[in-house]
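Colleague: Pasting the sequence and the predicted model now:
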Amino acid sequence: MKVFIQDIQSEKYLAHDGTWTTSANGAKNFHFSPCAYTAARKERMRGFRVVFYFEEAGYSIRVKKWKGNGPVACQEVNAGALEA
């Protein structure tokens, strides 16, 4: 499983170099959701969600993070295929 940060509006993923990419292959893997949330808070990101990507199955679970007062775990869960 890989753990990505995704911008809610653009649906792009945070890349290794700090830019945004449409490709799951170019997304930075945070390995654990607390690491992704910590990185997003450190960069003062708003309007992001954490994506759990199961590469072998081509399957993802997106957990929405609302703007404002920190993460709201499992507020919205979308499961399905993710474009690599």
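Modeller: Ah, there it is. Nothing here was measured: the structure is a model prediction, and the numbers come from that model.

Colleague: Next, Pro34: secondary structure please.
Modeller: helix (DSSP: H, G, I helix; E, B strand; the rest coil).

Colleague: Can you get me a residue count around it?
Modeller: As a burial measure, Pro34 scores 12 neighbours (other Cβ atoms under 10 Å). Where C-beta positions appear, they are placed from N, C-alpha and C, glycine not excepted.

Colleague: what's the answer for Asn29, then?
Modeller: Asn29, neighbours per other Cβ under 10 Å, totals 16.

Colleague: nearest residue to it other than its sequence neighbours?
Modeller: Lys2 (4.4 Å; Cβ to Cβ, 6 or more residues apart in numbering).

Colleague: Give me the phi and psi angles of that neighbour.
Modeller: Here is the backbone geometry of Lys2 (degrees, to the nearest 10): phi -110, psi 150.

Colleague: Need the pLDDT of it.
Modeller: Lys2 is assigned 90 on the pLDDT scale.

Colleague: Pull out the buried positions in the helix or strand hosting Phe4.
Modeller: Taking DSSP states H and E as the definition, Phe4 sits inside strand 2-7. Within strand 2-7, the residues scored as buried using 16 or more other Cβ atoms under 10 Å are 2-6.

Colleague: For this structure, just list every one of the helices.
Modeller: 33-42 (DSSP state H).

Colleague: That one: strands as residue ranges?
Modeller: 2-7, 13-14, 20-21, 48-54, 59-64, 77-81 (DSSP state E).

Colleague: As TSV, these with distance to Phe30 would be great.
Modeller: TSV is the format used below for the strands of the chain (distance: least, Cβ to Cβ, whole Å):
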stretch	distance to Phe30
strand 2-7	4
strand 13-14	9
strand 20-21	15
strand 48-54	8
strand 59-64	13
strand 77-81	18
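
Colleague: Does Gln9 touch Gly47 like I think?
Modeller: Yes. If you go by Cβ atoms under 8 Å, Gln9 and Gly47 touch, sitting 6.1 Å apart.
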